[in-house]
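Engineer: Next comes the sequence, and after it the predicted model I'd like to discuss.
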Amino acid sequence: MKLTDKEISSVIKLSPLDRYKHALKNIAGQGYLYSIIDENDDYVIMGTYDAQPMVSIWPAKEYASRCIDTFGGTHIVEIDLDDFLEELIVFFKANSILINVFSVDSQSGFVVDWQEFKRDIEGELERYS
């Protein structure tokens, strides 16, 4: 489903926490999310203010496309939520990678660790069961 300019404009004005809640609801409802990968098909890893690595995710391709140049990626990838929870979360855990949820342009989103994201998305998924 393509987002309208009005919807995009409205949602990107939300606070990072409200964008996080919006992302959880949408990701749980649709069953997939988006991230940015580089020319080697690796996820773009960025550092936080304390130098801990993080991967950014978005609930829609349109939002990710606003950040691709800033984040140094080459293309946007759609990720099945089950694959994300079963495979990527294991990688994040093993490498102490945080999840930056719903950045807007060059501003950080709501940053969580893998446990917090997993708990929150599973809580949201229960609403769709």
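Structural biologist: Received it, and whenever you're ready, just let me know what you need.

Engineer: how about the helices in the protein?
Structural biologist: Ranges of helices in the chain, per DSSP state H, are 5-12, 16-30, 61-65, 68-71, 81-83, 89-95, 114-126.

Engineer: how distant is the third one from the center of its chain?
Structural biologist: So the one you mean is helix 61-65. 10 Å (Cα atoms, centre = their mean, to the nearest Å).

Engineer: same question for that helix, mean pLDDT?
Structural biologist: For helix 61-65, mean pLDDT is 94.

Engineer: pull the CA atoms of that helix into CSV?
Structural biologist: In CSV, the C-alpha atoms belonging to helix 61-65 read as follows (Å, rounded to 0.1, in the frame of the first residue of the first chain):
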residue,chain,number,x,y,z
LYS,A,61,9.5,1.8,2.3
GLU,A,62,8.6,5.4,1.8
TYR,A,63,10.0,6.3,5.2
ALA,A,64,13.2,4.3,4.6
SER,A,65,13.7,6.0,1.3
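
Engineer: That one - contacts with which helices or strands?
Structural biologist: helix 5-12, strand 32-37, strand 75-80 (3 or more Cβ pairs under 8 Å, 6 or more residues apart in numbering; DSSP states H and E). Where C-beta positions appear, they are placed from N, C-alpha and C, glycine not excepted.

Engineer: Centre-most residue in this structure?
Structural biologist: The residue lying closest to the centre of the chain (Cα atoms, centre = their mean) is Ile57, at 1.6 Å.

Engineer: Hmm, that one is touching Leu33, no?
Structural biologist: Yes: contact between Ile57 and Leu33 holds when scored by Cβ atoms under 8 Å: they sit 5.0 Å apart.

Engineer: Which neighbours do these two have in common?
Structural biologist: Ala23, Ile27, Ile79 (Cβ atoms under 8 Å, 6 or more residues apart in numbering).

Engineer: With neighbour count and pLDDT added, can I get those residues in a markdown table?
Structural biologist: As requested, the shared contacts of Ile57 and Leu33 are exported to a markdown table (neighbours: other Cβ atoms under 10 Å; pLDDT from 0 to 100):
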| residue | neighbour count | pLDDT |
| --- | --- | --- |
| Ala23 | 25 | 98 |
| Ile27 | 25 | 97 |
| Ile79 | 18 | 97 |
